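1. Predicted model follows, preceded by the sequence.
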Amino acid sequence: MENNEYTKEELARREKILAERREARKEKLLKDQQILEFHAKIGHMMEGPEARELKEKALEICDIWEKKKICSAYYINAWRRILSMPLKNMRKAMLSEKSIGFRQNSPFFWLYRKI
């Protein structure tokens, strides 16, 4: 069906769906940005005196995820790998564009309301 063959109601329905999709993408981008900023703050905290405690707690959470099968082994192993890196590399990995999924499944979630 050509675009000019749709009824006004069908065109209005399609436009509504497209507008809802645009809004959902906009909300997702905003949430992703907030999570990125959260992990950037964690990266800075890892330079301070609480670094060891933060890393140990994150690794404990990975262990809990694994034991209780709360999270995919893919994310657990990825976070363990990230947490084992030197600080500079860890920060780079946490803030990488490729790490959006990892940041959404973060062993630092317990800090979200604290920072």
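-> Looks like it came in fine.
2. I'd say His39 and Pro107 touch.
-> No: between His39 and Pro107 there is no contact under CB atoms under 8 Å: 11.0 Å. Quick note: C-beta positions are derived from backbone N, CA and C, even for glycine.
3. Those two - which one has more neighbours?
-> Neighbour comparison, His39 and Pro107: the larger count goes to Pro107, with 25 against 19 (by other CB atoms under 10 Å).
4. secondary structure class for the more buried one?
-> coil (DSSP: H, G, I helix; E, B strand; the rest coil).
5. Show me what counts as buried in the longest helix along the chain.
-> As assigned by DSSP state H, the longest helix anywhere in the chain is helix 8-45. By 16 or more other CB atoms under 10 Å, the buried positions in helix 8-45 come out as 35-36, 38-39, 42-43, 45.
6. Same check on stretch 89-99?
-> Buried residues in stretch 89-99, counted by 16+ other CB under 10 Å: 90-91, 93-94, 99.
7. can you check stretch 56-64 too?
-> Buried-residue list, stretch 56-64, by 16+ other CB under 10 Å: 58, 61-62.
8. Identify all contacting residues around that stretch.
-> Applying CB atoms under 8 Å, 6 or more residues apart in numbering, the contact partners of stretch 56-64 are 70, 76, 79-80, 83, 107-110.
9. could you dump the least confident helix or strand in the chain by mean pLDDT to CSV, C-alpha only?
-> The weakest-scoring helix or strand in the chain, judged by mean pLDDT, DSSP states H and E, is helix 100-104 (a mean of 89). C-alpha atoms of helix 100-104 as CSV (Å, rounded to 0.1, in the frame of the first residue of the first chain):
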residue,chain,number,x,y,z
ILE,A,100,26.5,-0.4,28.0
GLY,A,101,25.1,-3.9,28.8
PHE,A,102,27.7,-4.4,31.5
ARG,A,103,26.9,-1.1,33.2
GLN,A,104,23.2,-2.1,33.3
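10. measure Asn89 to Ala24 for me?
-> Taking CB to CB, to the nearest Å as the measure, Asn89 falls 34 Å from Ala24.
11. Angles on the backbone of Pro49, please.
-> phi -70, psi -20 (degrees, to the nearest 10).
12. In this structure, where is pLDDT below threshold?
-> The chain contains residues with pLDDT under 70 at 1-4.
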